[in-house]
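Chemist: kindly return the folded structure for what I paste below:
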Amino acid sequence: MPTSPDIRFWDKAARKYAARPVGDEAGLERTLARTRELLPAGARVLELGCGTASSALRLAPHAGRIVASDASGEMIAIAREKVAQAGVANVEPVQATADAVPEAPGGYDAVIAFNLLHLVPDRAALYARVRALLAPGGVFVSKTPCLSEMNPAIRLVVPLMRLIGKAPSVAWFDAKALEAEIVAAGFSIVERDRHGSGKSDPRLFLVARAP
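Modeler: Below you'll find the predicted structure:
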């Protein structure tokens, strides 16, 4: 779950974050298209770290109900504005950390975490919570920057940016380590991919099934 300094960082950054264009729209669309295919009719979906609910809104026509959660109050304020403007009735923005999100009777069919896992201090606790929230056989869909696969110079830049309040805390791992963590939490990896448009993409797309 995010720490208070990180929540304050995202509260402060929310408006600029919301106005920033998507870096790889084609890659994002591939991710959303595949996620739509994974949702059963009338799916009960929980998104963790939803930001301003952009992904939730694009998935909404293919789900029964989406709870879009984020620890940042400012992110959720923007999400509520966007949901109201779009007139979408089946997306519910909720300010909450993963341990406090509302549960679904019988469990969620899918829990989604896009661009989140590298920001989580205790991923083992998060995976356990996701398992508890999912219905039997439900899917945990994630897309995560594996920072250890990026330019090594980022290891020097990020700590400096954190010192001046320009970056949140992050975790360093590669794709193999991330998969191993999720398997150790009791999930079965059923799909792995990279959806980026460039020659290389450090963002790993994983579909993991709960027992």
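
Chemist: from now on I want contacts and neighbour counts done on CA atoms only, so please keep to that.
Modeler: OK.

Chemist: pLDDT-wise, which helix or strand of this protein ranks last?
Modeler: Ranked by mean pLDDT, DSSP states H and E, the weakest helix or strand in the chain is helix 154-163, scoring a mean of 83.

Chemist: helices and strands around the helix or strand just after it, which ones?
Modeler: The element immediately downstream of helix 154-163 (helix or strand, assigned by DSSP states H and E) is helix 175-184. Under the contact definition 3 or more C-alpha pairs under 8 Å, 6 or more residues apart in numbering; DSSP states H and E, helix 175-184 sits against strand 188-193.

Chemist: given the strand it packs on, what are its sheet partners and their directions?
Modeler: Note on strand 188-193: by DSSP bridges, its sheet partners are strand 203-209 (antiparallel).

Chemist: elements contacting the longest strand belonging to the chain?
Modeler: Assignment by DSSP state E gives strand 134-145 as the longest strand of the chain. Secondary-structure packing of strand 134-145 (3+ C-alpha pairs under 8 Å, 6+ apart): strand 108-114, strand 203-209.

Chemist: change it to 10 Å
Modeler: Secondary-structure packing of strand 134-145 (3 or more C-alpha pairs under 10 Å, 6 or more residues apart in numbering; DSSP states H and E): helix 25-38, strand 44-48, strand 108-114, helix 123-133, helix 175-184, strand 188-193, strand 203-209.

Chemist: now do the contacts for Gly106.
Modeler: Shown in contact with Gly106 (C-alpha atoms under 10 Å, 6 or more residues apart in numbering): Arg44, Leu133, Leu134, Ala135, Pro136.

Chemist: let's see 6 Å
Modeler: Applying C-alpha atoms under 6 Å, 6 or more residues apart in numbering to Gly106 gives the contacts Ala135.

Chemist: got the confidence number for it?
Modeler: Gly106 is assigned a pLDDT of 97 by the prediction.

Chemist: is it correct that it falls within a helix?
Modeler: No. Counting by DSSP: H, G, I helix; E, B strand; the rest coil, Gly106 is located in no helix; its state is coil.
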